[in-house]
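K.L.:
Pasted the sequence and its predicted model underneath.
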Amino acid sequence: MGTIAIVLLVLALLVVFSSFVTIQQGTIGVTTIFGKYNRILFPGLNFKVPIVEKVFKRISIQNRSVELEFQAITVDQANVYFKAMLLYSVWNQEENTIKNVAFKFLDERSFMQALVRTIEGSIRGFVATKRQSEVLGLRRDITEHVKEQIDVTLEDWGYHLQDLQMNDITFDDAIMKSMAQVVASNNLKAAAENEGQALLITKTKAAEAEGNAIKIAAEAERQAAQLRGMGVALFREEVAKGMSMAAKEMQQANLDTSVILFSMWTEAIKHFSENSKGNVIFLDGSSEGMEQTMKQLMALNKLQAK
(Lines give C-alpha, C1' and ligand atoms only; values in the text may rest on other atoms or scores of the structure.)
Protein backbone atom coordinates (compact mmCIF):
# COMPACT_ATOMS: atom_id res chain seq x y z
CA MET A 1 0.00 0.00 0.00
CA GLY A 2 2.80 2.37 0.78
CA THR A 3 4.31 2.02 -2.69
CA ILE A 4 0.97 2.56 -4.39
CA ALA A 5 0.38 5.69 -2.34
CA ILE A 6 3.74 7.08 -3.31
CA VAL A 7 3.05 6.40 -6.98
CA LEU A 8 -0.35 8.02 -6.77
CA LEU A 9 1.15 11.02 -5.01
CA VAL A 10 3.79 11.37 -7.70
CA LEU A 11 1.17 11.11 -10.41
CA ALA A 12 -0.95 13.70 -8.66
CA LEU A 13 2.00 16.07 -8.45
CA LEU A 14 2.77 15.53 -12.12
CA VAL A 15 -0.83 16.30 -13.01
CA VAL A 16 -0.78 19.45 -10.89
CA PHE A 17 2.49 20.69 -12.35
CA SER A 18 1.35 19.89 -15.90
CA SER A 19 -1.70 22.05 -15.29
CA PHE A 20 0.50 25.16 -15.40
CA VAL A 21 2.21 26.55 -18.49
CA THR A 22 4.37 29.64 -18.99
CA ILE A 23 3.97 31.81 -22.10
CA GLN A 24 6.93 34.07 -22.90
CA GLN A 25 6.53 37.80 -23.33
CA GLY A 26 5.90 38.72 -26.99
CA THR A 27 4.13 35.45 -27.79
CA ILE A 28 0.58 34.09 -27.64
CA GLY A 29 -0.15 30.43 -26.87
CA VAL A 30 -2.82 28.45 -28.75
CA THR A 31 -4.26 25.36 -27.02
CA THR A 32 -6.26 22.41 -28.33
CA ILE A 33 -8.29 19.68 -26.72
CA PHE A 34 -8.28 16.39 -28.60
CA GLY A 35 -6.87 18.24 -31.65
CA LYS A 36 -9.57 20.92 -31.71
CA TYR A 37 -8.94 24.58 -31.03
CA ASN A 38 -9.79 25.53 -27.47
CA ARG A 39 -8.47 28.97 -26.49
CA ILE A 40 -5.47 31.34 -26.46
CA LEU A 41 -3.04 31.93 -23.63
CA PHE A 42 -1.45 35.31 -22.93
CA PRO A 43 2.11 35.92 -21.65
CA GLY A 44 2.77 34.79 -18.08
CA LEU A 45 1.72 31.79 -16.00
CA ASN A 46 -1.47 30.11 -17.24
CA PHE A 47 -3.60 27.17 -16.03
CA LYS A 48 -4.72 24.50 -18.47
CA VAL A 49 -6.75 21.37 -18.24
CA PRO A 50 -4.36 18.60 -17.29
CA ILE A 51 -3.50 15.93 -19.82
CA VAL A 52 -6.21 16.71 -22.39
CA GLU A 53 -5.41 20.40 -23.10
CA LYS A 54 -2.18 20.93 -25.00
CA VAL A 55 -0.31 24.01 -26.17
CA PHE A 56 -0.56 23.54 -29.92
CA LYS A 57 1.56 26.52 -31.00
CA ARG A 58 3.29 29.59 -29.63
CA ILE A 59 2.82 32.55 -31.97
CA SER A 60 5.16 35.55 -31.89
CA ILE A 61 3.42 38.92 -31.96
CA GLN A 62 6.70 40.82 -32.43
CA ASN A 63 7.78 42.42 -35.69
CA ARG A 64 9.61 40.06 -38.04
CA SER A 65 11.70 40.78 -41.10
CA VAL A 66 12.84 38.89 -44.16
CA GLU A 67 15.10 39.80 -47.08
CA LEU A 68 13.93 39.21 -50.64
CA GLU A 69 15.85 38.92 -53.90
CA PHE A 70 13.97 38.52 -57.16
CA GLN A 71 13.84 39.60 -60.78
CA ALA A 72 11.21 41.43 -62.83
CA ILE A 73 10.91 42.46 -66.49
CA THR A 74 9.80 45.91 -67.66
CA VAL A 75 7.46 46.62 -70.54
CA ASP A 76 10.49 47.34 -72.78
CA GLN A 77 12.01 43.93 -71.89
CA ALA A 78 14.70 45.09 -69.47
CA ASN A 79 15.65 42.79 -66.58
CA VAL A 80 15.36 44.46 -63.18
CA TYR A 81 16.87 42.91 -60.06
CA PHE A 82 15.40 43.79 -56.68
CA LYS A 83 16.75 43.43 -53.15
CA ALA A 84 14.11 44.26 -50.59
CA MET A 85 13.53 44.08 -46.84
CA LEU A 86 10.06 43.02 -45.70
CA LEU A 87 8.81 43.93 -42.22
CA TYR A 88 5.59 42.26 -41.03
CA SER A 89 3.79 41.27 -37.84
CA VAL A 90 0.62 39.65 -36.52
CA TRP A 91 -2.32 41.99 -37.17
CA ASN A 92 -3.54 42.09 -33.54
CA GLN A 93 -4.08 39.87 -30.50
CA GLU A 94 -7.75 39.13 -31.07
CA GLU A 95 -8.83 35.51 -30.95
CA ASN A 96 -9.91 35.27 -34.61
CA THR A 97 -6.61 36.76 -35.77
CA ILE A 98 -4.57 34.34 -33.65
CA LYS A 99 -6.67 31.41 -34.95
CA ASN A 100 -5.94 32.46 -38.55
CA VAL A 101 -2.22 32.69 -37.85
CA ALA A 102 -2.20 29.32 -36.13
CA PHE A 103 -4.28 27.29 -38.58
CA LYS A 104 -4.16 28.95 -42.04
CA PHE A 105 -0.81 27.40 -42.95
CA LEU A 106 0.74 24.06 -42.20
CA ASP A 107 3.91 25.61 -40.82
CA GLU A 108 6.00 28.79 -40.84
CA ARG A 109 7.83 27.72 -43.98
CA SER A 110 4.60 27.45 -45.97
CA PHE A 111 3.50 30.88 -44.79
CA MET A 112 6.83 32.49 -45.75
CA GLN A 113 6.73 30.89 -49.18
CA ALA A 114 3.21 32.21 -49.81
CA LEU A 115 4.11 35.67 -48.48
CA VAL A 116 7.27 36.03 -50.57
CA ARG A 117 5.65 34.75 -53.76
CA THR A 118 2.65 37.07 -53.28
CA ILE A 119 4.87 40.13 -52.88
CA GLU A 120 7.10 39.13 -55.80
CA GLY A 121 4.06 38.64 -58.03
CA SER A 122 2.64 42.03 -57.06
CA ILE A 123 5.93 43.82 -57.79
CA ARG A 124 6.46 41.98 -61.06
CA GLY A 125 2.96 42.88 -62.21
CA PHE A 126 3.58 46.53 -61.39
CA VAL A 127 7.03 46.67 -63.03
CA ALA A 128 5.71 44.95 -66.16
CA THR A 129 3.68 48.11 -66.91
CA LYS A 130 6.65 50.47 -66.57
CA ARG A 131 9.65 51.29 -68.73
CA GLN A 132 13.23 50.76 -67.68
CA SER A 133 13.87 54.51 -67.39
CA GLU A 134 10.94 54.88 -64.95
CA VAL A 135 11.75 52.09 -62.50
CA LEU A 136 14.50 53.80 -60.51
CA GLY A 137 12.19 56.65 -59.56
CA LEU A 138 9.33 54.40 -58.45
CA ARG A 139 10.57 53.00 -55.12
CA ARG A 140 7.80 54.68 -53.14
CA ASP A 141 5.16 53.86 -55.76
CA ILE A 142 6.17 50.19 -55.74
CA THR A 143 5.88 50.02 -51.95
CA GLU A 144 2.45 51.67 -51.93
CA HIS A 145 1.25 49.42 -54.76
CA VAL A 146 2.34 46.26 -52.93
CA LYS A 147 0.68 47.32 -49.68
CA GLU A 148 -2.58 48.11 -51.46
CA GLN A 149 -2.51 44.78 -53.27
CA ILE A 150 -1.69 42.40 -50.43
CA ASP A 151 -2.93 44.10 -47.25
CA VAL A 152 -6.35 42.46 -47.58
CA THR A 153 -4.80 39.06 -48.24
CA LEU A 154 -2.41 39.33 -45.30
CA GLU A 155 -5.22 40.47 -43.01
CA ASP A 156 -7.13 37.30 -43.94
CA TRP A 157 -4.02 35.34 -42.96
CA GLY A 158 -3.79 37.26 -39.67
CA TYR A 159 -0.75 39.38 -40.60
CA HIS A 160 -0.03 42.99 -41.46
CA LEU A 161 2.67 44.36 -43.77
CA GLN A 162 4.51 47.03 -41.75
CA ASP A 163 7.03 48.15 -44.34
CA LEU A 164 8.65 47.17 -47.62
CA GLN A 165 12.00 48.79 -48.41
CA MET A 166 13.59 48.56 -51.82
CA ASN A 167 17.25 48.53 -50.81
CA ASP A 168 18.71 47.90 -54.24
CA ILE A 169 17.40 48.09 -57.81
CA THR A 170 19.81 47.07 -60.55
CA PHE A 171 19.79 46.14 -64.23
CA ASP A 172 21.92 44.01 -66.52
CA ASP A 173 25.56 45.13 -66.90
CA ALA A 174 25.01 46.45 -70.43
CA ILE A 175 22.10 48.60 -69.27
CA MET A 176 24.02 49.84 -66.21
CA LYS A 177 26.97 50.86 -68.41
CA SER A 178 24.71 52.67 -70.88
CA MET A 179 22.95 54.46 -68.02
CA ALA A 180 26.32 55.49 -66.60
CA GLN A 181 27.34 56.82 -70.03
CA VAL A 182 24.10 58.80 -70.29
CA VAL A 183 24.67 60.30 -66.84
CA ALA A 184 28.31 61.09 -67.69
CA SER A 185 27.35 62.73 -71.00
CA ASN A 186 24.64 64.76 -69.29
CA ASN A 187 27.14 65.89 -66.66
CA LEU A 188 29.63 66.88 -69.36
CA LYS A 189 26.90 68.76 -71.20
CA ALA A 190 25.87 70.56 -68.03
CA ALA A 191 29.51 71.36 -67.23
CA ALA A 192 30.09 72.72 -70.74
CA GLU A 193 26.95 74.84 -70.53
CA ASN A 194 27.97 76.17 -67.12
CA GLU A 195 31.49 76.88 -68.36
CA GLY A 196 30.10 78.67 -71.41
CA GLN A 197 27.79 80.74 -69.25
CA ALA A 198 30.65 81.59 -66.90
CA LEU A 199 32.88 82.56 -69.83
CA LEU A 200 30.09 84.68 -71.34
CA ILE A 201 29.54 86.43 -68.02
CA THR A 202 33.30 87.00 -67.64
CA LYS A 203 33.63 88.39 -71.17
CA THR A 204 30.53 90.55 -70.73
CA LYS A 205 31.75 91.95 -67.44
CA ALA A 206 35.23 92.57 -68.89
CA ALA A 207 33.73 94.37 -71.90
CA GLU A 208 31.50 96.43 -69.62
CA ALA A 209 34.48 97.29 -67.42
CA GLU A 210 36.60 98.22 -70.44
CA GLY A 211 33.79 100.34 -71.88
CA ASN A 212 33.30 102.08 -68.55
CA ALA A 213 37.06 102.67 -68.29
CA ILE A 214 37.10 104.19 -71.80
CA LYS A 215 34.13 106.40 -70.90
CA ILE A 216 35.79 107.51 -67.68
CA ALA A 217 39.11 108.18 -69.44
CA ALA A 218 37.37 110.11 -72.24
CA GLU A 219 35.42 112.15 -69.73
CA ALA A 220 38.58 112.85 -67.74
CA GLU A 221 40.44 113.85 -70.93
CA ARG A 222 37.56 116.12 -71.94
CA GLN A 223 37.56 117.80 -68.57
CA ALA A 224 41.37 118.08 -68.63
CA ALA A 225 41.32 119.63 -72.12
CA GLN A 226 38.60 122.00 -71.01
CA LEU A 227 40.65 123.00 -67.98
CA ARG A 228 43.78 123.39 -70.10
CA GLY A 229 41.86 125.61 -72.54
CA MET A 230 40.51 127.65 -69.67
CA GLY A 231 44.03 127.96 -68.26
CA VAL A 232 45.45 129.13 -71.59
CA ALA A 233 42.60 131.62 -72.01
CA LEU A 234 43.12 132.96 -68.50
CA PHE A 235 46.85 133.17 -69.11
CA ARG A 236 46.34 135.12 -72.32
CA GLU A 237 43.81 137.34 -70.60
CA GLU A 238 46.25 138.10 -67.79
CA VAL A 239 49.07 138.73 -70.29
CA ALA A 240 46.87 141.12 -72.23
CA LYS A 241 45.90 142.94 -69.04
CA GLY A 242 49.54 143.18 -67.98
CA MET A 243 50.64 144.50 -71.39
CA SER A 244 47.78 147.00 -71.40
CA MET A 245 48.70 148.32 -67.97
CA ALA A 246 52.39 148.44 -68.86
CA ALA A 247 51.61 150.33 -72.08
CA LYS A 248 49.53 152.90 -70.22
CA GLU A 249 52.30 153.45 -67.69
CA MET A 250 54.85 153.85 -70.53
CA GLN A 251 52.60 156.38 -72.25
CA GLN A 252 52.13 158.31 -69.01
CA ALA A 253 55.93 158.39 -68.63
CA ASN A 254 56.28 159.60 -72.28
CA LEU A 255 58.26 156.43 -73.13
CA ASP A 256 58.07 154.35 -76.26
CA THR A 257 55.89 151.29 -75.75
CA SER A 258 58.14 149.25 -78.08
CA VAL A 259 60.44 148.87 -75.11
CA ILE A 260 57.86 146.51 -73.65
CA LEU A 261 57.96 144.33 -76.74
CA PHE A 262 61.71 144.36 -76.71
CA SER A 263 61.73 143.33 -73.05
CA MET A 264 59.28 140.49 -73.76
CA TRP A 265 61.45 139.36 -76.64
CA THR A 266 64.58 139.22 -74.54
CA GLU A 267 62.71 137.44 -71.73
CA ALA A 268 61.51 134.90 -74.26
CA ILE A 269 65.06 134.29 -75.50
CA LYS A 270 66.20 133.92 -71.89
CA HIS A 271 63.41 131.38 -71.24
CA PHE A 272 64.34 129.44 -74.37
CA SER A 273 67.95 129.20 -73.30
CA GLU A 274 67.16 128.16 -69.72
CA ASN A 275 64.58 125.48 -70.61
CA SER A 276 65.82 124.20 -73.93
CA LYS A 277 67.38 121.10 -72.29
CA GLY A 278 70.13 120.78 -74.89
CA ASN A 279 68.06 121.76 -77.93
CA VAL A 280 69.68 124.12 -80.45
CA ILE A 281 67.85 127.41 -81.19
CA PHE A 282 69.10 129.55 -84.07
CA LEU A 283 68.64 133.35 -83.64
CA ASP A 284 69.91 136.23 -85.74
CA GLY A 285 72.20 138.09 -83.31
CA SER A 286 73.41 140.77 -85.74
CA SER A 287 72.46 144.45 -85.43
CA GLU A 288 70.51 144.17 -88.67
CA GLY A 289 68.61 141.23 -87.27
CA MET A 290 67.86 143.09 -84.08
CA GLU A 291 66.69 146.14 -86.03
CA GLN A 292 64.43 143.99 -88.19
CA THR A 293 62.95 142.31 -85.13
CA MET A 294 62.28 145.68 -83.50
CA LYS A 295 60.55 146.94 -86.61
CA GLN A 296 58.35 143.88 -86.66
CA LEU A 297 57.42 144.29 -83.00
CA MET A 298 56.66 147.99 -83.48
CA ALA A 299 54.51 147.18 -86.48
CA LEU A 300 52.63 144.59 -84.47
CA ASN A 301 52.16 147.10 -81.67
CA LYS A 302 50.78 149.71 -84.05
CA LEU A 303 48.45 147.10 -85.57
CA GLN A 304 47.12 146.23 -82.17
CA ALA A 305 46.71 149.93 -81.31
CA LYS A 306 44.52 150.40 -84.37
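P.N.:
Structure received. On a predicted model such as this, the values are computed, not experimentally measured, just so you know.
K.L.:
pLDDT at Ile51, what is it?
P.N.:
Per-residue confidence (pLDDT) for Ile51: 81.
K.L.:
before we move on, what about the one 10 residues further on?
P.N.:
The predicted structure scores Ile61 at 90 on the pLDDT scale.
K.L.:
Next, the contact list for it, please.
P.N.:
Residues near Ile61 by Cβ atoms under 8 Å, 6 or more residues apart in numbering: Gly26, Thr27, Ile28, Ser89, Val90, Gln93. Any C-beta I mention is one placed from the backbone N, CA and C, and that applies to glycine too.
K.L.:
And it, its phi and psi?
P.N.:
When read as degrees, to the nearest 10, the backbone of Ile61 gives phi -100, psi 10.
K.L.:
and the gap between it and Thr27?
P.N.:
Ile61 sits 7 Å away from Thr27, going by Cβ to Cβ, to the nearest Å.
K.L.:
What of Leu164?
P.N.:
Distance, Leu164 to Thr27, by Cβ to Cβ: 25 Å.
K.L.:
for the chain, longest helix please?
P.N.:
For the chain, the longest helix by residue count, based on DSSP state H, is helix 173-252.
K.L.:
Now do the helices for this structure: every range, in order, please.
P.N.:
Using DSSP H, helices in the chain cover 2-18, 95-103, 108-127, 132-135, 139-157, 173-252, 258-275, 287-305.
K.L.:
Could you tell me the least trusted of those?
P.N.:
Mean pLDDT is lowest for helix 287-305 among the helices of the chain, at a mean of 63.
K.L.:
rewinding a little: only whichever of the contacts of Ile61 are buried, select them in PyMOL.
P.N.:
Selection of buried members from the contacts of Ile61 for PyMOL, criterion 16 or more other Cβ atoms under 10 Å:
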select buried, resi 27+28+90
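K.L.:
What is the nearest of the contacts of Ile61 to Thr266?
P.N.:
Distances from Thr266 to the contacts of Ile61, taken as Cβ to Cβ, are shortest for Ser89 (121.4 Å).
K.L.:
right, and that closest one touches Trp157 too?
P.N.:
No. Ser89 is beyond contact range of Trp157, at 12.0 Å (criterion: Cβ atoms under 8 Å).
K.L.:
how much space between the nearest residue to Met85 once chain neighbours are set aside and Gly121?
P.N.:
Distances taken as Cβ to Cβ, 6 or more residues apart in numbering put Gln165 closest to Met85, at 4.6 Å, once the chain neighbours are dropped. To Gly121, Gln165 is 19 Å away according to Cβ to Cβ.
K.L.:
Perfect, I'm done here.
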